[in-house]
Every structure is written in C-alpha cells, then in structure tokens.
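S.K.: model this:
(chains A and B)
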Amino acid sequence: MRRPGGYLIGVSPAGVRECDTFTCSHCQHIVFVKPKCDPADMGGFCQVCGTLICELCVGKGCTPWEKQMERAEARDAALRSYGLR
Amino acid sequence: MGARYASTGFQTPVAATFKTMLELKAGTTVRPRVYDFLMGASGTPADNALEYALQKTTAAVGVGTSVTPEPLDPADVAALVTVLEDLTTEPTLAGIPIFDIGVNLRASYRWVAAPDSEIIIAAVANEGLAAMVLSSAYTGQAEATLMHEE
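M.R.: As a prediction, the model looks like this:
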C-alpha cells in the first residue's frame, strides 16, 4: 500500500511472511494489509479525522487516540491534584 | 526525534493463558512511542502453536522482574518508563489486543512502525503496553523485545 504505517516480517520454516500494516488512529490496533485485498476487509477511512481505522472502529464515531490520551491524562492530573493518586 | 531505548524480556514457562513477557509502563511526563517489537521462542524447535499479543494495560500494575531499558545512543539519559519481564502477576488489561497473531513455535515475528505510526502510550502513571504469549502445548521460554522512543 502507499505510505504504510508499518511493516511485519515473520520468519518460519514455511518461509518468510511480509506485509504492510497500518495503525488504527482510533484504537491503535495494528491491521495487516493483504496485497490487493478488498479495502472493506481491512477497515475503513474515517471521514471526520481523515485517517485509516480498523474494522472494529468502523461506524463507531470519531474519537482519535490522541483525544483519548488527552482525556486520560487530564483525568489523571486532576486525580493527582486531589491527592487521590 | 526523542531518545530511543530497547528492552528485552522473557516469560517462562509459557502457559495456556496469556502470560506477559514484557510490560512497558509510562510515567506522567512523557508519552512513550513503541516503534519496533520482536517476538519469538528459544525452546527446542517443535511444531507447536503459540499466540503472541500486544495489549494496553491500565493502572493496576503487574509483578515481575525489573528491566533497565538500554539507550540506543550511549549519550542519552536513563529512560523514564519502567519495564518488567517474566511477570508472575498479570497487569490489568485495557480493551482488546492491538496485535494478535498465531504462530508456529519455530517462527519469530517483527513489526516496525513507519514514522508517526508508532504505538503511543498516554502519559498516565502505570499505563502501558504488555507483550504476551500463550500456548496449549509449549511450556518453554518465549522472548520479546520492545523498542520505544520518548
């Protein structure tokens, strides 16, 4: 694929398996991209944030991983300021 | 580009439920970015099925042996993350695995991220990433290497 997000190499007695991957921008799932596969089989394209997503995130709205991390970090900072962590 | 580190770990014995080979835990000041990982087994080669997985972990930490991440550039300071290997108490896992693959015992797998496609861990204390393994037949040792940038 053009501009893959990663590359997987597997070495076994049966041979070497190599494939492109991309990282879902919503949940960070690593998706293996089979050459010439149906694009619908490997996930989708989020029209809101304009990035590739895995099939588990298709149809579940747009919550980029960056936004999820910001929420978790803000919550953690608040709890620490209250002395609860 | 931040400082890069490599951490290696193992799990023995491999069991029929997921056991963590390596757990990388973040601090509160930096978001570690995992850009490379390798998984394999060092036991006597045989035709057994193993399953390797990577999954995010939350604040309940696991119990294992401490590992010091090795800086790839000797001039870099010590890593801010904490790393455990050969966990005896599993951490609390979050969501579903972000990487999950079934392999032959004789096989090893490596994944490398393209720039800006790394696995990013939030800067929340003790949130992290666990490299896990299971096998219903193999009870030897499995290894993992995680490379991260912070």
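
S.K.: doesn't A:R75 belong to a helix?
M.R.: Yes. Read with DSSP: H, G, I helix; E, B strand; the rest coil, A:R75 is one of the residues of a helix.

S.K.: hey, where'd the helices end up in chain A?
M.R.: Along chain A, the segments classed as helices by DSSP state H run A:65-81.

S.K.: tell me which residue is most central in it.
M.R.: When Cα atoms, centre = their mean is applied to chain A, the residue found nearest the centroid is A:C24 (1.8 Å).

S.K.: OK, contacts around that residue?
M.R.: A:C24 makes contact with A:30-31, A:43, A:52-54, A:56-57, A:65 under the criterion Cβ atoms under 8 Å, 6 or more residues apart in numbering or on different chains. C-beta: built from backbone N, CA, C; applies to glycine.

S.K.: ok, now which ones touch the most centrally placed residue in chain B?
M.R.: Central residue of chain B (Cα atoms, centre = their mean): B:A131, 3.3 Å from the mean position. Counting by Cβ under 8 Å, 6+ apart, B:A131 touches B:9, B:20-23, B:37, B:39, B:52-54, B:144, B:146.

S.K.: what about the biggest strand by length in chain A and chain B, any contact?
M.R.: Selection of the longest strand in chain A by residue count, based on DSSP state E, yields strand A:15-23. Yes. Strand A:15-23 is in contact with chain B by Cβ under 8 Å from any Cβ of the partner chain, via A:21-23.

S.K.: follow-up on the earlier one: and for the residue nearest to the centre of chain B, nearest residue in space, chain neighbours not counted?
M.R.: Leaving aside its sequence neighbours, B:A131 sits nearest to B:A144 (Cβ to Cβ, 6 or more residues apart in numbering or on different chains; 4.1 Å).

S.K.: which SSE is the one you found in?
M.R.: Element membership of B:A144 [criterion: DSSP states H and E] is strand B:142-149.

S.K.: up against chain A, what does chain B have?
M.R.: Within chain B, the residues that sit near chain A (Cβ under 8 Å from any Cβ) are B:28, B:31, B:54, B:56, B:95-96, B:98-99, B:101, B:103-104, B:106-114, B:117-120, B:122-125, B:127.
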